[in-house]
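Trainee: Have a look; sequence and predicted model below, questions after that.
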Amino acid sequence: MVNGCKVIVLLLLWLGTSAGDKYALSANAAEHQEHTAHRSVGLEEVVLVIQSQRNSYHARRGVQRKMEILHQAAELGQVSPLPQNSPASAEKTQSLCSHKTNDIKNVTVPLHGLYLSFCLFFYFIFFFFKIALYIWEEGNGPELTAVAEFCTEPRDNCATTFTTYLPDCGDSVSKNNLFVAVKTCQKFHSERVPVVKATWEKDAGFLEYYSDVTDASIPTISLGVPNTERGHCGKTFAILRRFLSKAVPKTDWLLIVDDDTLMSLPRLRQLLRCYDPKEAVILGERYGYRLVQNGYSYITGGGGMVLSRVAVSRLVSSGCSCYRDDAPDDMVLGRCFTSLGVPITHSPLFHQARPDDYSETLISLQQAISFHKHWNMDPVAVYKQWLQDEHPRDEL
């Protein structure tokens, strides 16, 4: 119940990574429902929430998704769009978006009939946990029900389908507009660096290896920061300062990775075309730290951290810095960017772990950009299977 009204909630995740993500209100699915034991539900009883992020690309995609849904609803003859400012519908969706979820912000007003709203879910995993608690209602609520018509793969009678192939935002960003920084240390020069050279280094326009020692055979650059067993904050902030200096070519984008990260740079450059380098952007796989206690989100370093030049400049000029050289660099960056009001942008195509650590069904529906760690696997074989494109995959 939301403000005394019976509402069915359909969450439409729009993380913005893929123009191939397909979400549809299917007329076939509606006809299929008529054959069930339950009565058909009119769209006036449905709240549709499009999940988006604080970024101009995601905002555009959210509006596009909204218009697609409204068009389908109009074809069903169940919606008559009215001006955006509809207090009654706004009250209903605001209740949903804010109930016990203070980190969620409602940013547009839904339309009459089809309560279509946009909520910025900065911590999307945490959000689902909170929604489950809201429905569960300390054991007094209904059980969660699996619905076959909510599909992960297209098939007959799907109300929704989902893929995360790469978006088509135009030609890929030039390889000469992306600077790649690989963090390494002496003990991994002979073990991990050769894997990078055998796999994805060839796709980089500008790439440097940063180590605790100078090794001309690779070559590596010492930034004057001693190696640390845990956390590499001092090294990462030295990379950020170097990126803004005249010591390296000037590019719009910076990618920072570990020496055991496997990357697809062509896919990354295609994804980056969707983002505006004039905005402060930090992109990758988003994690959260103490979110229920006014914590912050951050891009996990193992999957790769992508930053626009604008974001790096804002961070360095802010004076926000490491509290120790061995502090976790990705978390410190997340704390700093959060304090600066820069959104942490999530993409499910970056991965902190190995392919074996994920559902095969999940990653088979993706065009992954990265994986992390070499434990108990052949990293070159993993790269060839999951990241190397002989023939680019078309969007669905």
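Mentor: In hand now; what should we look at?
Trainee: Now do the helices in the stretch 101-250 of the chain.
Mentor: For the stretch 101-250 of the chain, the helices defined by DSSP state H, counting those that start in this stretch cover 124-136, 193-198, 233-244.
Trainee: Now do the last one: everything it contacts.
Mentor: Yep, that's helix 233-244 we're talking about. If you take Cβ atoms under 8 Å, 6 or more residues apart in numbering as the criterion, helix 233-244 is touched by 179, 181, 183, 210, 223-225, 228, 248, 254, 256, 301, 307, 309, 312-313, 315-316, 321-329, 332-333. C-beta coordinates here come from the backbone N, C-alpha and C atoms, glycine included.
Trainee: List only buried entries from these.
Mentor: For the contacts of helix 233-244, a burial check counting by 16 or more other Cβ atoms under 10 Å picks out 179, 181, 183, 210, 223, 225, 228, 248, 254, 256, 301, 307, 309, 312, 315-316, 322, 325-329, 332-333.
Trainee: In a helix, Arg269, correct?
Mentor: Yes: per DSSP: H, G, I helix; E, B strand; the rest coil, Arg269 lies within a helix segment.
Trainee: quick check: domain ranges of the protein?
Mentor: 8-136, 175-386 (automatic domain parsing).
Trainee: out of those domains, deepest packed?
Mentor: Comparing the domains of the chain by mean neighbour count (mean count of other Cβ atoms under 10 Å), domain 175-386 ranks first with a mean of 19.
Trainee: How far does that one stretch from one end to the other?
Mentor: From its first residue to its last, domain 175-386 covers 21 Å (Cα to Cα, to the nearest Å).
Trainee: Check stretch 359-373 too.
Mentor: End to end - Cα to Cα - stretch 359-373 spans 17 Å.
Trainee: what comes into contact with it?
Mentor: For stretch 359-373, contacts defined as Cβ under 8 Å, 6+ apart pick out 152-153, 162-166, 257-258, 260-264, 267-268, 271, 302-304, 347-355, 382, 386-387, 393.
Trainee: Ala73 touches Leu43, doesn't it?
Mentor: Yes: using Cβ atoms under 8 Å, Ala73 is in contact with Leu43, at 5.5 Å.
Trainee: Cys320 and Ile131, how far apart?
Mentor: Separation of Cys320 from Ile131 (Cβ to Cβ, to the nearest Å): 33 Å.
Trainee: From the contact counts, what lies against the top helix by length along the chain?
Mentor: Identified as the longest helix of the chain according to DSSP state H is helix 56-75. Here helix 56-75 touches strand 46-52, strand 115-121, going by 3 or more Cβ pairs under 8 Å, 6 or more residues apart in numbering; DSSP states H and E.
Trainee: Compare the mean pLDDT across those and name the weakest.
Mentor: When the helices and strands packed on helix 56-75 are ranked by mean pLDDT, strand 115-121 comes last with a mean of 43.
Trainee: if we can go back for a sec, filter the contacts of helix 233-244 down to the ones in strands?
Mentor: Judged by DSSP state E, the subset of those located in strands is 179, 181, 183, 210, 254, 256, 307.
Trainee: Closest one to Ile69 out of the residues you listed, please.
Mentor: Nearest to Ile69 among those is Leu307, at 33.1 Å by Cβ to Cβ.
Trainee: I figured the closest one hits Leu254, correct?
Mentor: Yes: with contact defined as Cβ under 8 Å, Leu307 reaches Leu254; the gap is 4.8 Å.
Trainee: related to what we said a few turns ago, which two of the ones in strands among the contacts of helix 233-244 have the greatest separation?
Mentor: Maximum pairwise distance among the ones in strands among the contacts of helix 233-244 (Cβ to Cβ): 15.3 Å, between Tyr210 and Leu307.
Trainee: which residues of the stretch 251-396 of the chain score low on pLDDT?
Mentor: 391-396 (pLDDT under 70).
Trainee: do the same with the stretch 1-150 of the chain
Mentor: For the stretch 1-150 of the chain, the stretches with pLDDT under 70 are 1-41, 79-130.
Trainee: excluding its backbone neighbours, what's nearest Ile369?
Mentor: The spatially closest residue to Ile369, leaving aside those adjacent along the chain, is Leu349, at 4.3 Å (Cβ to Cβ, 6 or more residues apart in numbering).
Trainee: Now do the phi/psi pair for the one you found.
Mentor: Phi and psi for Leu349, reported as degrees, to the nearest 10, are phi -90, psi -10.
Trainee: just checking, it touches Leu271?
Mentor: Yes: contact criterion Cβ under 8 Å: Leu349 and Leu271 qualify, at 6.9 Å.
Trainee: list the contacts for Leu333?
Mentor: By Cβ under 8 Å, 6+ apart, the contact list for Leu333 reads 236, 282, 298-299, 305, 315.
Trainee: mind listing which of these are in helices?
Mentor: Here DSSP H is the test, and the contacts of Leu333 give 236, 315 as lying in helices.
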